[in-house]
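[1] Here is my input; please provide its structure:
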Amino acid sequence: MPTLPDFQLLRPATVQEAVRLCALHPGSRFLGGGTDLLPNLRRGLVTPGAVIDLGTLDDLARIQEEEGVLQLGAGVPLAKLAADPRVQGWFPAVAQAASGVAGPTHRVTATLGGSLCQDTRCRFFNQSEAWRRANEFCLKLGSDTCRVASRSSRCYAAFSGDLAPALMVHRAELELLGPAGSRRLPLSAFYRDDGRAWLALEPAELLVAVRVPLETGWASAYEKIRMRASLDFPLVGVAVALRRQGALLRGLRVALTGVASRPVAIPGLEELEGRPLEAAALALLAAQVGVGTHPMGTTLAEVPYRRRVAPILAKRLVERLWAGATS
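    Next up, the predicted model:
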């Protein structure tokens with residue numbers, strides 16, 4: 001892999017200074033653990049003039065409970081997130097997603113914020129400069145043509161982060177800080193269905209924390225399909241949160257990753273509430289997951305396989321949670 005390009009490395013003392021520096025250096029990038037950004041820098045996929053190191057900002061690395069919410073700092077390493085007993089107890093899907101990212105050494109460094117903001121991926125984009133040039137580049141960088149959907153005017157690079165769907169089914173909310181001040185945004189509104197501009201971030205805006213409500217009565221899980229048991233990104237990842245009361249389903253939330261340019265919250269599941277989890281309910285779930293699944297082919301798996309896997313994985317998780325939920 002090529003060496004890193006030249007850039008100015010900035011080390012702010014506070015999150016406010018980090019935002020100010022980003023505003024002063026248009027096109028600069030925030031650096032958390034670097035497991036996504038640094039390989040992209042080496043491949044020439046991003047070329048910032050300045051990189052703003054967030055690694056010494058302790059405020060970003062805290063997990064704290066306050067007023068019915070667990071606040072997760074954007075700089076919390078994934079290994080710490082997966083091992084936290086509060087996360088394991090309240091949000092099993094989040095702990096499972098964090099523990100399954102890449103390999104153990106990556107999880108020690110990679111951060112929650114980096115996972116949520118990671119770049120979209122494509123078999124034409126995530127290659128060396130020489131490879132991209134030989135293939136006349138793609139819509140995401142250097143061309144006006146999408147190489148996986150040649151007649152399209154938009155980029156179909158896929159979002160493949162594990163934490164986003166797991167947090168979405170727990171109704172997470174983001175705390176953002178920018179030059180104009182702070183704001184909160186539902187995680188589901190943070191993503192756009194565009195492989196080139198997939199985040200709803202304002203210029204120089206920084207993801208500071210994730211706030212997850214402490215809801216009682218919900219069971220959750222996350223599972224993914226990938227070629228190897230570690231390192232690989234998910235071909236399909238599914239998060240489920242379920243609430244059961246006796247023989248009736250009282251709540252169901254499902255979100256996917258790896259199947260579109262943003263993580264997808266599956267709509268239309270409200271009509272299953274108040275019903276038992278029978279074959280008809282599972283068939284409706286599978287149909288809704290199919291509607292929300294729009295994968296592109298990868299170097300490892302083609303579209304038909306991924307379309308088949310998503311509803312099967314969702315049904316399997318729902319049935320497992322249903323069987324284990326307190327009735």
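
[2] wouldn't R62 be in contact with A74 here?
    No - using C-beta atoms under 8 Å as the test, R62 is too far from A74 to be in contact (10.2 Å). Every C-beta, even on glycine, is put in place using the N, C-alpha and C of the backbone.

[3] Those two: who's more crowded?
    Neighbours per residue (other C-beta atoms under 10 Å) separate R62 from A74, with A74 holding more: 28 against 12.

[4] could you measure F30 against V309, distance?
    Separation of F30 from V309 (C-beta to C-beta, to the nearest Å): 33 Å.

[5] Who has more neighbours out of those two?
    Remark: of F30 and V309, F30 carries more neighbours, 24 against 20, as counted by other C-beta under 10 Å.

[6] Quick check: bridge partners of the more buried one?
    I52 (DSSP bridges).

[7] mind checking how far it is from C117?
    Remark: distance between F30 and C117 (C-beta to C-beta) = 8 Å.

[8] Quickly list what's touching both of those two.
    Counting by C-beta atoms under 8 Å, 6 or more residues apart in numbering, F30 and C117 have no common neighbour.

[9] Flag every buried residue along the strand or helix carrying V238.
    V238 belongs to strand 236-245 when assigned by DSSP states H and E. Across strand 236-245, burial judged by 16 or more other C-beta atoms under 10 Å covers 236-244.

[10] Please enumerate the helices of this structure.
    Remark: helices assigned in the chain by DSSP state H are 15-24, 37-42, 78-83, 85-90, 92-99, 104-109, 112-117, 129-134, 163-168, 279-291, 303-324.

[11] And the third one, what's buried?
    Read that as helix 78-83. By 16+ other C-beta under 10 Å, the buried positions in helix 78-83 come out as 78-82.

[12] Could you do the fourth one as well?
    Of the residues in helix 85-90, 87-88, 90 count as buried by neighbour count, 16+ other C-beta under 10 Å.

[13] before we move on, what about the fifth one?
    Of the residues in helix 92-99, those buried by neighbour count under the rule 16+ other C-beta under 10 Å are 92-99.

[14] For that helix, what does the pLDDT average out to?
    The average pLDDT for helix 92-99 rounds to 98.

[15] what does it contact?
    Under the criterion C-beta under 8 Å, 6+ apart, residues 78-79, 81-84, 87-88, 107, 112, 115, 162-163, 165-167, 169-170, 212, 219-223, 237, 239-241 lie in contact with helix 92-99.

[16] cool, stretch 57-76 as well?
    By C-beta under 8 Å, 6+ apart, the residues outside stretch 57-76 that reach it are 12-15, 18, 32, 54-55, 77, 80-81, 84, 86-87, 90-91, 111-113, 116, 175, 206-214.

[17] Lowest mean pLDDT among the helices and strands of the chain, which one is it?
    helix 129-134 (a mean of 86; mean pLDDT, DSSP states H and E).

[18] how far is that one from where the chain is centred?
    Distance of helix 129-134 from its chain centroid, counting by C-alpha atoms, centre = their mean, to the nearest Å, is 28 Å.

[19] CA atoms of that helix as PDB?
    Extracted C-alpha coordinates of helix 129-134, given in PDB (Å, rounded to 0.1, in the frame of the first residue of the first chain):
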ATOM      1  CA  GLU A 129      -5.000   4.600  -7.800                       C
ATOM      2  CA  ALA A 130      -3.500   2.600 -10.700                       C
ATOM      3  CA  TRP A 131      -6.500   0.200 -10.700                       C
ATOM      4  CA  ARG A 132      -9.000   3.000 -10.600                       C
ATOM      5  CA  ARG A 133      -7.200   4.800 -13.500                       C
ATOM      6  CA  ALA A 134      -7.100   1.600 -15.600                       C
END
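
[20] Please produce JSON lines containing the buried residues of helix 85-90, extended by distance to Y191.
    Listed next are these as JSON lines, based on distance: C-beta to C-beta, whole Å:
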{"residue": "V87", "distance to Y191": "22"}
{"residue": "Q88", "distance to Y191": "26"}
{"residue": "W90", "distance to Y191": "23"}
